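*Asks:* need the 3D shape of this:
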Amino acid sequence: MSRALLLAEPQADTRGFLERHLTNDGFQVVDAEARPDLVLLGDTAALDACRARHGDVPVIVLGEPESDTVDRVRALDRGCDDFLAKPFDYQELLARIRAVLRRTTPEAHETLRAGPITADLATRRVTVEGVPVALASKEYELLLKLMTDPTRVFTKEHLLRDVWDFRSLGRTRTLDSHASRLRRKLGAAAPGNFVLNVWGVGYRLLDG
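*Replies:* Alright, predicted model coming up:
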C-alpha cells in the first residue's frame, strides 16, 4: 500500500527533488489538506503547528546545514521522530523514512475469517458479527482448525490428532464435549448454524 507523505519544505528546489524521487520510490506525496502517514518538515519552528494540524503523525525534520547536535536534540525533545541536516544523502533519508514508518505503524494482526466469525491470531480474540466470544484454549484451537476450511467435514480422528495430539484414539468424548460448548458459545453471540455434527464422520464449522 502506498504511504502518504507531506513535504512541508519551504525550499522549492529541495521540495521538487524530494517529490520526484519519493514518487518514483512508491510514496504518495500529498498536500496539507490530506492526512499524511509521515511529514518531512523543513523548519523545526513549525513543529508545534504541524502537530496541532495533523495530530500525532510521525515527523522527520530536515534541519539547516548549520544544524548541530544541540539543534538535533532540541528537535527530538520537542517531539519529532528523526532529524537529518541538509545537505542530506537521499538514500539515507529514504532509509530513515522507512525506519520511522516501521517503528510508528503497528503491524496488522493476522486474522482468520469464516462467515460471520473472525479470529485475531495475535490476541486470540474471537468475534461473531462483531460480538466478542470468550473461548477456552482447546475450544479456540478447535475453532481455528475448523476455520481453515469452514465447509469441509473434518473427521473426528483428524481433529483429535491435530487439536489434542491424540495418537491412539480409543473411546473419548473430548471432541464432542468441546464441539458442543463451542457451538453454544458461538450461537449465543449471533444466530446461525455453527459447528455442525456430521453423524458418524466428524464436524464442519458452517453449512456448505
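*Asks:* so, low pLDDT: which residues of this structure?
*Replies:* Scanning the chain for pLDDT under 70 picks out the ranges 1, 106-109, 167-171, 208.
*Asks:* tell me where the chain has strands.
*Replies:* 4-8, 28-30, 38-41, 59-63, 82-85, 111-114, 117-120, 125-128, 131-133, 154-155, 196-198, 202-204 (DSSP state E).
*Asks:* kindly reformat the ones you listed as a markdown table containing distance to A179 and mean neighbour count.
*Replies:* Using the backbone N, CA and C atoms, a C-beta is placed for each residue, glycine as well. A markdown table is the format used below for the strands of the chain (distance: least, CB to CB, whole Å; neighbours: other CB atoms under 10 Å):
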| stretch | distance to A179 | mean neighbour count |
| --- | --- | --- |
| strand 4-8 | 47 | 21 |
| strand 28-30 | 48 | 15 |
| strand 38-41 | 48 | 24 |
| strand 59-63 | 52 | 24 |
| strand 82-85 | 52 | 18 |
| strand 111-114 | 15 | 14 |
| strand 117-120 | 15 | 18 |
| strand 125-128 | 15 | 19 |
| strand 131-133 | 15 | 14 |
| strand 154-155 | 10 | 18 |
| strand 196-198 | 7 | 15 |
| strand 202-204 | 6 | 21 |
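*Asks:* any chance of those in a markdown table, plus distance to A52?
*Replies:* Shown next, in a markdown table, are the strands of the chain (distance: least, CB to CB, whole Å):
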| stretch | distance to A52 |
| --- | --- |
| strand 4-8 | 13 |
| strand 28-30 | 18 |
| strand 38-41 | 12 |
| strand 59-63 | 12 |
| strand 82-85 | 20 |
| strand 111-114 | 35 |
| strand 117-120 | 34 |
| strand 125-128 | 35 |
| strand 131-133 | 36 |
| strand 154-155 | 56 |
| strand 196-198 | 56 |
| strand 202-204 | 55 |
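*Asks:* those helices in the chain, which residues are they?
*Replies:* Applying DSSP state H to the chain gives helices spanning 12-24, 47-54, 69-77, 90-104, 137-147, 156-164, 174-189.
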